[in-house]
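J.: Here is the input, now give the coordinates:
(one chain, ligands or ions: 1)
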Amino acid sequence: MYLKQIISVRFFNMNNSNHSNILIIGGGCAGISVATRLKSLKSDLSISIIEPSEKSLYQAAWTLVGAGAYDVNSTIKPMSSVMPNYVNWIKEYAESFSPESNSVKTSGGEYSYDYLVVCPGLKINFDGVAGLKETLGKNNVCTNYSSDMAVYTWECLKNLQGGNLLFTEPPMPIKCAGAPQKIAYLAADHLKKKGALKDSNLEFLCAKPVIFGVPHFQGPLNEICDSYGIKRSFQHNLISVNGDAKEAVFKQSDKDGNSKEVTKKFDFIHVTPPQTSPDFIKNSPLADAGGWVDVDHKEGTLRHTKYENIYSLGDVMNAPNAKTGAAVRKQTPIVAHNIIKDINKSSEAYRLYDGYGACPLTVAYGKVMLAEFCYGGKVTPSLPFDPTKPSSLYWQMKSKLFPWLQWNVMFKGKEWSKPNHKAIEN
Ligand SMILES: Cc1cc2nc3c(=O)[nH]c(=O)nc-3n(C[C@H](O)[C@H](O)[C@H](O)COP(=O)(O)OP(=O)(O)OC[C@H]3O[C@@H](n4cnc5c(N)ncnc54)[C@H](O)[C@@H]3O)c2cc1C
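T.: Numbers count the residues shown, from 1 in each chain. Coordinates of the predicted model:
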């Protein structure tokens, strides 16, 4: 089955301009990082990136933008400024895959490869909530899941004098599972600072049955909610929003599988839209039953389970880690190492991903609880402090160090730290 692949991998085709040793789909957080890392390990590689966008984004700061604590312009750079000059930038959309013949069709042509790296992120499904698209950006209906909408979140909060505030979280997986509640804490702290918290009812409604997936942080986060008076409503999944009527409808499920519709009135609602794999991935031979790129996450090589010369990382693949830039930071050197090992046929060991992810929970202005964890809910703090204690140092890291890490470490092909996480006792 691998014969064709093996033949073309063995004989790198250097003459065809549509052929690259490495073809990367998506020039986001993962794509630029993995391109630069690969080049730093093997300088003679030809690398192409299929990336239609002219903008490179630092999405993790949109939570702060929504709270008026970060300039949205600092989260966006021209793609041309981060795209390395040795990369052949194909400004097109990837559309379909022919893994048996090592090629990808795009909106403008067809490209072949020796190795393919698939990292086009995920799809924010604004259509997944009835009425959302029509009312988003009006009627105090906002989301931090796009840069312009995050600006609108702050516009709403700035002008709010209290009332009913709802914060929603859809079923997992989503990017940064903590982001739906981070904005609730910042909104509460903002209202507290202007003396309006006592005139407000804040409610966090999420599809899952607990506040956060990693048990170690559940107690401390529930205490933070209590300190602001934020009500938690679990197993509530937003299904429609009517901005003019200021009403949101949720499907409330119980543990026996029964469900009913519940309508809530709001003066402000922050919506985290449902998220899926991109359609062109879902409909491809690379996808698992859930639509995500099917990689070897059990051993941890991040290689495709069926196609030996395809790897994937970032939000689009099916490892059960938290979909975060922090995870991409750890996955990148692993994928790059494993591809170079394959190319060189070296006897070195594969590097293996342990599920590391991090979620800086902005529990107040100037304070962050930094949740770092690996598979199985193992808590793996990088610094020797109690990670459940909110700290101003972590706020500085979230607002200054982490953006710098993306632009200057990950995007320059450097490795920040080796993935050797020691779990603390839960
Ligand atoms: C509100 C919010 C808060 C967050 N907070 C944090 C946080 O605190 N900490 C943290 O670590 N992470 C956080 N994240 C998550 C982090 O931003 C993502 O996990 C990370 O960007 C994933 O990288 P990626 O390369 O997989 O996807 P992306 O960075 O989204 O890049 C995907 C790229 O693929 C391109 N693309 C899409 N379709 C195609 C196609 N058909 N063909 C070719 N290219 C295509 C896109 O244009 C894009 O450039 C947050 C995200 C959001 C939205």
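J.: Could you pull up the contacting residues of the residue of the stretch 201-350 of the chain found nearest the ligand?
T.: Closest to the ligand within the stretch 201-350 of the chain is residue 314: 2.3 Å, counting by Cβ to the nearest ligand atom. Where C-beta positions appear, they are placed from N, C-alpha and C, glycine not excepted. In this structure, residue 314 makes contact with 26, 28-31, 119, 121, 323, 327-328, 331, judged by Cβ atoms under 8 Å, 6 or more residues apart in numbering.
J.: Who does residue 391 form a beta bridge with?
T.: For residue 391, the beta-bridge partners are residue 368 (DSSP bridges).
J.: same check, this time on residue 104
T.: With DSSP bridges applied, residue 104 shows beta-bridge pairing to residue 97, residue 111.
J.: hang on, it packs against residue 117?
T.: No - in terms of Cβ atoms under 8 Å, residue 104 does not count as a neighbour of residue 117; the distance is 11.1 Å.
J.: Between these two, which contacts overlap?
T.: 23, 25.
J.: Looking at the two, which one has more neighbours?
T.: For residue 104 versus residue 117, the count of surrounding residues by other Cβ atoms under 10 Å is larger for residue 117: 28 against 25.
J.: So for the helix or strand where the more buried one lies, mean pLDDT?
T.: Residue 117 is part of strand 110-118 when elements are defined by DSSP states H and E. For strand 110-118, mean pLDDT is 98.
J.: Please identify the buried residues of that strand?
T.: For strand 110-118, a neighbour-count test (16 or more other Cβ atoms under 10 Å) marks 111-118 as buried.
J.: what does the next helix-or-strand element following it rub up against?
T.: Sequence-wise, the next helix or strand downstream of strand 110-118 (DSSP H and E) is strand 123-124. Applying Cβ under 8 Å, 6+ apart, the contact partners of strand 123-124 are 145-146, 273, 275-279.
J.: From the ligand, how far out is residue 378?
T.: When distance is defined by Cβ to the nearest ligand atom, to the nearest Å, residue 378 is 18 Å away from the ligand.
J.: For the contacts of residue 314, could you give me CSV that also reports neighbour count?
T.: Formatted as CSV, those follow (neighbours: other Cβ atoms under 10 Å):
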residue, neighbour count
26, 26
28, 23
29, 28
30, 30
31, 29
119, 29
121, 23
323, 22
327, 24
328, 24
331, 30
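J.: show me which of those neighbour the ligand.
T.: 26, 28-31, 119, 121, 323, 328 (Cβ under 6 Å from any ligand atom).
J.: Where do the helices of the protein begin and end?
T.: Applying DSSP state H to the chain gives helices spanning 3-10, 29-41, 62-66, 79-82, 132-135, 147-159, 179-193, 218-228, 279-282, 325-344, 392-396, 402-404.
J.: Off-centre distance for the shortest one?
T.: Using Cα atoms, centre = their mean, to the nearest Å, the distance from the centre of helix 402-404 to the centre of the chain it belongs to is 15 Å.
J.: residues contacting residue 349?
T.: Not one residue lies near residue 349 by Cβ under 8 Å, 6+ apart.
J.: er, residue 294 actually
T.: Neighbour list for residue 294: 286-288, 304-306, 317-318 [criterion: Cβ under 8 Å, 6+ apart].
J.: go again using 6 Å as the cut-off
T.: Contact analysis of residue 294 by Cβ atoms under 6 Å, 6 or more residues apart in numbering lists 288, 305, 318.
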